[in-house]
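Undergrad: Let's see this in three dimensions:
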Amino acid sequence: MEKRILVAGASGSVGFEVLKGLQSHSCEIVTFSRDPKRAKKLQDMAKEVRLGDVRKPKSLEGLCDNIDVVFSCLGASVELNLRQRASFYSVDYEGNRNLLREALRAGCSRFVYVSATLGESYNHTAYIQAHEQFVTELKASGLSYTIIRPTGIFSALEAFVDMARRGVAPLIGDGKAQSNPVHPADVAQVCVDNMWEGAEEVNVGGPEMLTRREMAGLAFQALGKKPRLIPVPAFLFRLGSVLLRPFHPRLSQMLQFVEAVSTHDALAPQIGTRTLSDYYASQLGLPSATQEEERRHG
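TA: Next comes the predicted model:
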């Protein structure tokens, strides 16, 4: 019999790539998303598209019936969005906890979850803590599980392209902190490879070790512009996080995480193969470096 897989967060960058990767496997796919407009693009890739909000347990009732594997990359975005006020705790922890409880009720056998690479200098942030509180519950659930831990995903760096279009980008601190961010498709491949069985935890990084200054510079390079980077003291982000805490929980926690991860190294094994410069080019509708090389050599 074909395995039945629930993909939660399927309309996001990693979730959509997971859906694409599962198309070549013999399985039945059910998706779960909150946004009806974004869910429409999933209809041809899944047997069933379900809508609901993981923060509302009633919308999950029956969701995991007859499901073998639950895959979740569902979580609050670290991109700037003033309309989204819900904290990382309420989405990344409570939302996934509600999904886990439904999986346990329905007798699912496995749960695959996308968390984040850990680092001593940013483990204290609300963003990481929300993920790790859920990881603790998943480990104690008795289900077979795999936790995928990527470094920064390329889609979270698209803001640099928008800034480069405007001609200037802020650089938090000295810009020397390193990371090897990873393409969502590379993360998705690791998820698919571990969907039915796999290691309990897998850390995933991209092929290039880049400083924050280099990441921003590549966005300007993709646009054919000279980089114009304005240093911003890290303490201003920390201060902003504290001041916004009573008024806008998500923005407060986002500033806290962005400051911490931008001023400290965030590294993982170099598993991904796609480069950030090629990703920026694809977002701009430009040929990648690989495509340019192929064109030059016929």
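
Undergrad: what about the stretch 1-150 of the chain, any weak spots by pLDDT?
TA: Residue ranges of the stretch 1-150 of the chain with pLDDT under 70: 1, 80-82.

Undergrad: Mind doing that once more with 90?
TA: 1-2, 11-12, 32-44, 50-52, 76-87 (pLDDT under 90).

Undergrad: One more: the stretch 151-298 of the chain?
TA: Looking at the stretch 151-298 of the chain by pLDDT under 90, you get 249, 285-298.

Undergrad: residue boundaries of the helices in it?
TA: Using DSSP state H, counting those that start in this stretch, the helices of the stretch 151-298 of the chain run over residues 159-166, 184-193, 212-222, 234-244, 249-262, 276-283, 289-296.

Undergrad: Which positions in stretch 219-232 come out as buried?
TA: Buried residues in stretch 219-232, counting neighbours by 16 or more other Cβ atoms under 10 Å, are found at 219, 220, 221, 222, 227, 229. (Each C-beta comes from the backbone N, C-alpha and C, glycine too.)

Undergrad: closest to residue 84 among these?
TA: residue 219 (23.7 Å; Cβ to Cβ).

Undergrad: tell me the contacts of the closest one?
TA: 157, 160, 161, 163, 164, 169, 280 (Cβ atoms under 8 Å, 6 or more residues apart in numbering).

Undergrad: and of the residues you listed, the nearest to residue 180?
TA: residue 157 (12.1 Å).

Undergrad: Run a quick neighbour tally on that closest one.
TA: 22 (other Cβ atoms under 10 Å).

Undergrad: That one and residue 183 touch, don't they?
TA: No: in this structure, residue 157 is not within contact of residue 183 by Cβ atoms under 8 Å, at 10.7 Å.

Undergrad: circling back to that earlier point, so which pair among the buried residues of stretch 219-232 is furthest apart in space?
TA: Longest span within the buried residues of stretch 219-232, Cβ to Cβ: 222 and 229, 15.0 Å.

Undergrad: Reformat the buried residues of stretch 219-232 as TSV; add distance to residue 88.
TA: Supplementary listing: those in TSV, determined by distance: Cβ to Cβ, whole Å:
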residue	distance to residue 88
219	26
220	30
221	32
222	30
227	31
229	28
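
Undergrad: wait, which of these is closest to residue 45?
TA: For the buried residues of stretch 219-232, the nearest to residue 45 is residue 222 (29.0 Å; Cβ to Cβ).

Undergrad: Distance of the closest one relative to residue 281?
TA: 5 Å (Cβ to Cβ, to the nearest Å).

Undergrad: Which parts of the stretch 51-200 of the chain are strands?
TA: For the stretch 51-200 of the chain, the strands defined by DSSP state E, counting those that start in this stretch occupy 69-72, 110-114, 144-150, 169-172, 178-179.

Undergrad: Tell me which residues of the first one come out buried.
TA: Spelled out, that is strand 69-72. Buried residues in strand 69-72 (16+ other Cβ under 10 Å): 69, 70, 71, 72.

Undergrad: quick one: the third one from residue 26, how far?
TA: In other words, residue 71. 16 Å.

Undergrad: Same question for the first one.
TA: Noted for residue 69: a distance of 13 Å to residue 26, by Cβ to Cβ.

Undergrad: Need the overlap of contacts for those two.
TA: Joint contacts of residue 69 and residue 26 (Cβ under 8 Å, 6+ apart) are residue 3.

Undergrad: Who are the contact partners of residue 231?
TA: Residue 231 neighbours (Cβ under 8 Å, 6+ apart): 170, 171, 173, 174, 175.

Undergrad: could you redo the last one with a cut-off of 6 Å?
TA: residue 171 (Cβ atoms under 6 Å, 6 or more residues apart in numbering).

Undergrad: What residues are bridge-paired with the residue nearest to the spatial centre of the chain?
TA: Nearest to the mean C-alpha position of the chain, by Cα atoms, centre = their mean, lies residue 153 at 5.7 Å. Listed beta-bridge partners, residue 153: residue 182 (assigned using DSSP bridges).

Undergrad: any idea how far it lies from residue 77?
TA: Counting by Cβ to Cβ, the gap from residue 153 to residue 77 is 11 Å.

Undergrad: ditto for residue 241
TA: Taking Cβ to Cβ, one finds residue 241 at 17 Å from residue 77.

Undergrad: These two: which is more packed in?
TA: Legend: neighbour count by other Cβ under 10 Å for residue 241 and residue 77, higher for residue 241 (21 against 15).

Undergrad: Return the residues in contact with the more buried one.
TA: 252, 255, 256.
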